[in-house]
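Chemist: Any chance you can model this:
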Amino acid sequence: MPDSLPPELSPAQIVALMDGVLRPASQAVAEAYLPSPAVQNHAAFLAFLPGGDLACTWFGGTMEGRGDISIWMSRLKRGHSQWSQAQRLSDAPDRSEQNPVLFTAPDGVVWLFHTSQPGGRQDECEIMARQSQDGGARFGPPRRIGDFTGIFVRQPVQITPSGRWLLPGFHCITPAQGRWTGGLDVAVALYSDDQGSTWAAQPVPDSLGAVHMNPIPPHAGVSPAFYRDRFSQHVRRSLSFDGGETWGAPTATNMPNNNSSVQAIRLDDGRIAMVLNPINASMSDQRRASLYDEIEEDAVAGAGGAIWGVPRAPMALALSSDNGASFDIAAILEDGTGACLSNNSVDGLNKELSYPSILQDPSGDLHIAFTYHRRAIKYLRVARP
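Modeler: So this is what the prediction gives:
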């Protein structure tokens, strides 16, 4: 890992780097900024496609919550050193389409799940799905899955030992008064017993404020799941003792959380690797009314006490040897102010390093992607930790 990190880039400098070319950042790290024609790019999701190519999906447009936000994808072909030009995968002009999730089913079909909402109303979102029969080169028409309203997705699909598909999510609940701001959200697990044709939602008990449920494969028969904390206190963890069919109540870990996304994977040696911003509300007084206060005139701090505006930096890698009961910071991958009181990426007002995605390849190297100032998706290839 580098001993020192570069200063924050200006919007013009970021754009100049968005050619997808892998460049050495240190002896252990290579980096690239993914190509995109959008001025805002956020919520990266990495997945290996059939054949070994690495795909990254995200959402992009002018600003989160606006009707021009669509799903985009770039791929790094196996053995190549440059990411492809971005391909738009969705384009509903009156909807903000967000939080893509890629999943290769056992039959080889590549699924794309994403959310679709009017404006900043996450509590009115729907989940859409598209399928690719050719390894992710082309996707078929979108269809809504289930009759859910207000259920959001973000994290990878898991297949339980019984063969059920588990799509983790969270329910964005509308307060009795005012607009949605996240303070009443709870975790849900979506299950399919027919390979994605139909889905049923199962709430996670006592999960108020626990969102972005991230279940990972079991160790010694115990499956952990990790959660973002709407109240900006700690990453939370819950356990399943039946292969992911049922889940216990989430409880706090020793990792702080700033009401921003984390992602964890099981490494090939059994440890858990997590990428996150190790900061919470007790470490900063920066606040904003809501995620969408720039596009909704009546946005006010909502019911339940969700906390927004805590800086989204640094971007760190943490490791656990006890199935996620505790973590130690292994490396700071990127640092900066993390300013996120505005979502404005055009004028450089947003400086967040956020919403990471992480994979491990067969050689043991890590692949990590995250939001860089909401202007670009930054990718890192990191030598085996």
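Chemist: Give me the neighbour count for residue 362.
Modeler: If you count neighbours by other Cβ atoms under 10 Å, residue 362 ends up with 8. No exception for glycine: its C-beta is placed from N, CA and C like everyone else's.
Chemist: For it, list the residues it contacts.
Modeler: Residue 362 is in contact with no residue at all, counting by Cβ atoms under 8 Å, 6 or more residues apart in numbering.
Chemist: Likewise for the one 5 residues further on?
Modeler: With contacts defined as Cβ under 8 Å, 6+ apart, the neighbours of residue 367 are 46, 54, 358-361, 379-382.
Chemist: can you map out the strands along the stretch 51-200 of the chain?
Modeler: Ranges of strands in the stretch 51-200 of the chain, per DSSP state E, counting those that start in this stretch, are 54-61, 70-76, 87-88, 96-104, 110-117, 126-132, 143-144, 151-153, 158-159, 165-171, 186-192, 200-203.
Chemist: For residue 237, find the nearest of those strands.
Modeler: Nearest to residue 237 among the strands of the stretch 51-200 of the chain is strand 186-192 (11.7 Å), distances taken as Cβ to Cβ.
Chemist: what pLDDT, on average, does the closest one get?
Modeler: For strand 186-192, mean pLDDT is 98.
Chemist: Ok, stretch 289-298 next?
Modeler: For stretch 289-298, mean pLDDT is 85.
Chemist: Check stretch 347-355 too.
Modeler: Here the average pLDDT along stretch 347-355 is 97.
Chemist: in it, what's buried?
Modeler: By 16 or more other Cβ atoms under 10 Å, the buried positions in stretch 347-355 come out as 348-355.
Chemist: Repeat that for stretch 270-286.
Modeler: Buried residues in stretch 270-286, counted by 16+ other Cβ under 10 Å: 271-281, 286.
Chemist: Output the below-cut-off pLDDT ranges for this structure.
Modeler: 1-6, 297-304 (pLDDT under 70).
Chemist: Residue 67: neighbouring residues, count only.
Modeler: By other Cβ under 10 Å, the residues close to residue 67 number 15.
Chemist: so it makes contact with residue 91?
Modeler: No. Contact criterion Cβ atoms under 8 Å: residue 67 and residue 91 do not qualify, at 10.2 Å.
Chemist: coming back round to it: just checking, which of the buried residues of stretch 270-286 belong to strands?
Modeler: Among the buried residues of stretch 270-286, the members found in strands (DSSP state E) are 272-276.
Chemist: between those residues, which is closest to residue 11?
Modeler: residue 275 (24.1 Å).
Chemist: Which neighbouring residues are in contact with that closest one, exactly?
Modeler: 262-264, 315-318, 333, 356-358, 368, 370.
Chemist: does residue 380 belong to a helix or a strand, and which?
Modeler: For residue 380, the host element (DSSP states H and E) is strand 376-382.
Chemist: other SSEs contacting that strand?
Modeler: helix 11-17, strand 29-33, strand 40-48, strand 54-61, strand 328-334, strand 366-372 (3 or more Cβ pairs under 8 Å, 6 or more residues apart in numbering; DSSP states H and E).
Chemist: Residues touching it, excluding its own?
Modeler: Residues outside strand 376-382 that contact it (Cβ under 8 Å, 6+ apart) are 1, 14-15, 17-18, 22, 25, 28-34, 36, 41-42, 44, 56, 58, 74, 76, 83, 317, 331, 333-334, 365-372.
Chemist: List the buried residues of stretch 207-224.
Modeler: 207-216, 218, 223-224.
Chemist: Would you mind extracting the C-alpha trace of it into PDB?
Modeler: What follows is stretch 207-224, C-alpha atoms only, in PDB (Å, rounded to 0.1, in the frame of the first residue of the first chain):
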ATOM      1  CA  SER A 207     -33.500  -4.000  12.100                       C
ATOM      2  CA  LEU A 208     -34.600  -0.400  12.400                       C
ATOM      3  CA  GLY A 209     -32.000   1.700  10.600                       C
ATOM      4  CA  ALA A 210     -30.000  -1.300   9.400                       C
ATOM      5  CA  VAL A 211     -29.900  -1.100   5.600                       C
ATOM      6  CA  HIS A 212     -27.800  -2.500   2.700                       C
ATOM      7  CA  MET A 213     -27.900  -6.000   4.100                       C
ATOM      8  CA  ASN A 214     -24.800  -7.800   2.900                       C
ATOM      9  CA  PRO A 215     -24.800 -11.600   3.600                       C
ATOM     10  CA  ILE A 216     -21.700 -13.600   2.900                       C
ATOM     11  CA  PRO A 217     -21.000 -17.300   2.800                       C
ATOM     12  CA  PRO A 218     -20.900 -19.200   6.100                       C
ATOM     13  CA  HIS A 219     -17.900 -20.300   8.200                       C
ATOM     14  CA  ALA A 220     -18.300 -23.200  10.500                       C
ATOM     15  CA  GLY A 221     -22.000 -23.200   9.800                       C
ATOM     16  CA  VAL A 222     -22.500 -19.500  10.700                       C
ATOM     17  CA  SER A 223     -23.400 -16.900   8.000                       C
ATOM     18  CA  PRO A 224     -22.900 -13.300   8.900                       C
END
